[in-house]
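Undergrad: what's the 3D shape of this:
(4 chains)
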Number of protein chains: 2
Amino acid sequence: MTRATMRVMTTPPSAEPSIAPSAEAAAGPVDVEPAPAKRRRSVTRERLLDAASRVFAQRGIEGATVEEICDRAGFTRGAFYSNFAHKNELVVALLDREEAALFERLGGVVESALGYPNPIEALSQLLFEIAPFGVDNHLLRSELSLLAVRDPELAASYLASQRTFRERFGPFLESGLAAAGLRLTVPAGDAIDTLEAVFEASMRASIVAGRGPNPADTLARRMLPVLLAAISRPAP
Amino acid sequence: MTRATMRVMTTPPSAEPSIAPSAEAAAGPVDVEPAPAKRRRSVTRERLLDAASRVFAQRGIEGATVEEICDRAGFTRGAFYSNFAHKNELVVALLDREEAALFERLGGVVESALGYPNPIEALSQLLFEIAPFGVDNHLLRSELSLLAVRDPELAASYLASQRTFRERFGPFLESGLAAAGLRLTVPAGDAIDTLEAVFEASMRASIVAGRGPNPADTLARRMLPVLLAAISRPAP
DNA sequence: GTTGTTCGATACATTAGCGTACTCAATACG
DNA sequence: CGTATTGAGTACGCTAATGTATCGAACAAC
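TA: Residues are numbered from 1 along each chain as shown, chains lettered A, B, ... in the order given. So this is what the prediction gives:
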């Protein structure tokens, strides 16, 4: 019952393999895997973020407790406060990470945009491949935007994220449409906001209604083609 | 410092006029004003609901404490728990009340629907008269839908409210369109959900961005005509 | 090997907010 | 008028969650 003993028991309870000295090539992801031990810290951070993502999805941001996040990550609160100052900092960090992940997917899928028969359908399909990249993120963003209404600090982060999202997604959308011989009839920002709004509503609706996260028919699935048609017209 | 003294001090601190015995015709609203004293209770309830509405708007549902609501209403928690079983019951009660209020407005505005020159613009205008009947309600519904994702009890109430909203608003929308020589091209439910989603997003966006609740140009203001056009076509 | 540093664990103090039980005052009713 | 009922205030206990201060062990460098 020395602390060493306890540590062995608590550290890798049900998560990734332990971070033993020479486990460099071991662990799952294809990540850069930096200096073997020097970066335990960043591994811990990642695991906390992973856990946070799950717990947030389940309980919501406000509903989530730091403790549960730590438990799920296989750490104690000590580890948490050694890595983040507050819960909010965690939220922001998670937001950043998910955003990066989104753009990665976006990059990976962009080439498949071209050369479809029906342009609107193709674009819809495309959006479906990147947008519902997890209900969790939608819920997260949704709740975040709500929290941002009151918390100025979160608002700043949220707005920043929102802006880069628009900046990167706008061109994507426009080039997608262009490839289909279409162009936007409304400001790109509005188009994106509208699409996002419907996606969010759609997600929430299907969850609240108890249907699985993405059954074949959702509001978004039905409305997306209509919306895309509404905000574009054949390019001159 | 008998309790009587304290009561005098705490009861009407900064709210509506006190509920003295013969103050029947006194108080503000044009309400039915039932039996003079028999219904103190319902007055208390109303005041708690009013306060709750304000506090929720400011702090959010989860962020609001029962205590603050009571303070603002000029009561103590004793009064609260004498009127509501839980915070959730309050939330549901408030939801019901706001819904009723919405339909009242909807009734009052429906006649002005007819006989406009530009049908789409007219409808947009109409929706703007009933929809942003207060940012607060949008935030409330927004947060509620989020809470409903996790809380089955709230989900039930939310879904019920959602359903009656759709049932009453659908015909309204359809007849509005019909009067303009248009008909829906998508299911009414989808149309409503989409409009609502954009309204919500629009509200949140302008609040988060720090602009006032309804400046002349919002996402909704810009997109509503486009959306309406997208979901309707000339009737045969 | 020894030493220094870093990271995470343990334990604690504190706060806040909820819900309940009990009490008193005022009103309604006979 | 006196009694019963109801509505609101007061006080209390309890739980959950946060953040902090301290401690020990592993790793890295020399």
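Undergrad: Kindly state the domain boundaries assigned to chain A.
TA: For chain A, automatic domain parsing gives the domain ranges A:33-84, A:91-234.
Undergrad: Could you name the helices and strands sitting against the longest helix anywhere in chain A?
TA: With secondary structure taken from DSSP state H, chain A has its longest helix at helix A:152-179. Counting contacts by 3 or more CB pairs under 8 Å, 6 or more residues apart in numbering or on different chains; DSSP states H and E, helix A:152-179 is packed against helix A:87-109, helix A:119-130, helix A:135-148, strand A:182-184, helix A:188-208, helix B:188-208. C-beta: built from backbone N, CA, C; applies to glycine.
Undergrad: Could you count how many residues lie near A:T65?
TA: By the criterion of other CB atoms under 10 Å in any protein chain shown, A:T65 has 13 neighbours.
Undergrad: Check what pLDDT it gets.
TA: Looking at A:T65, its pLDDT stands at 95.
Undergrad: Contact partners for it?
TA: A:R59 (CB atoms under 8 Å, 6 or more residues apart in numbering or on different chains).
Undergrad: if you set the cut-off to 10 Å instead, what comes out?
TA: Residues in contact with A:T65 (CB atoms under 10 Å, 6 or more residues apart in numbering or on different chains) are A:V55, A:R59, A:D71, A:R77, A:K87.
Undergrad: Kindly report the same for A:L94.
TA: Applying CB under 10 Å, 6+ apart, the residues contacting A:L94 are A:L48, A:L49, A:D50, A:A52, A:S53, A:F56, A:I61, A:N137, A:L140, A:L144.
Undergrad: where's the helix or strand encompassing A:C70 relative to the chain centroid, distance-wise?
TA: Using DSSP states H and E, A:C70 sits within helix A:66-73. What separates the centre of helix A:66-73 from the centre of its chain is 19 Å, taken as CA atoms, centre = their mean, to the nearest Å.
Undergrad: do stretch A:129-144 as well
TA: 6 Å.
Undergrad: mean confidence for it?
TA: Stretch A:129-144 comes out at a mean pLDDT of 74.
Undergrad: A:T44 versus the residue in chain A that DNA strand C sits nearest to, what's the distance?
TA: Residue nearest to DNA strand C within chain A (CB to the nearest atom of the strand): A:G78, separated by 2.0 Å. Distance of A:G78 to A:T44, computed by CB to CB, to the nearest Å: 11 Å.
Undergrad: Which residues are in contact with A:L224?
TA: A:120-121, A:123-125, A:127-128, A:131, A:195, A:198-199, A:202, A:218.
Undergrad: Narrow those to those that are buried.
TA: Using 16 or more other CB atoms under 10 Å in any protein chain shown as the burial test, those include A:I120, A:L123, A:S124, A:L127, A:F128, A:A131, A:L195, A:V198, A:F199, A:S202, A:T218 as buried.
Undergrad: tell me the SS of A:S53?
TA: Three-state call for A:S53 (DSSP: H, G, I helix; E, B strand; the rest coil): helix.
Undergrad: per-residue pLDDT, it?
TA: In this model, A:S53 carries a pLDDT of 92.
Undergrad: my guess is A:A220 is in a helix, correct?
TA: Yes. A:A220 forms part of a helix when assessed by three-state DSSP.
Undergrad: residue contacts, it?
TA: Contacts of A:A220 by CB under 10 Å, 6+ apart are A:124, A:127-128, A:131-132, A:195, A:198-203, A:205-206, A:214, A:227, B:190, B:193-194, B:197.
Undergrad: can you check A:A160 too?
TA: Counting by CB under 10 Å, 6+ apart, the residues that A:A160 touches are A:V92, A:L95, A:D96, A:E99.
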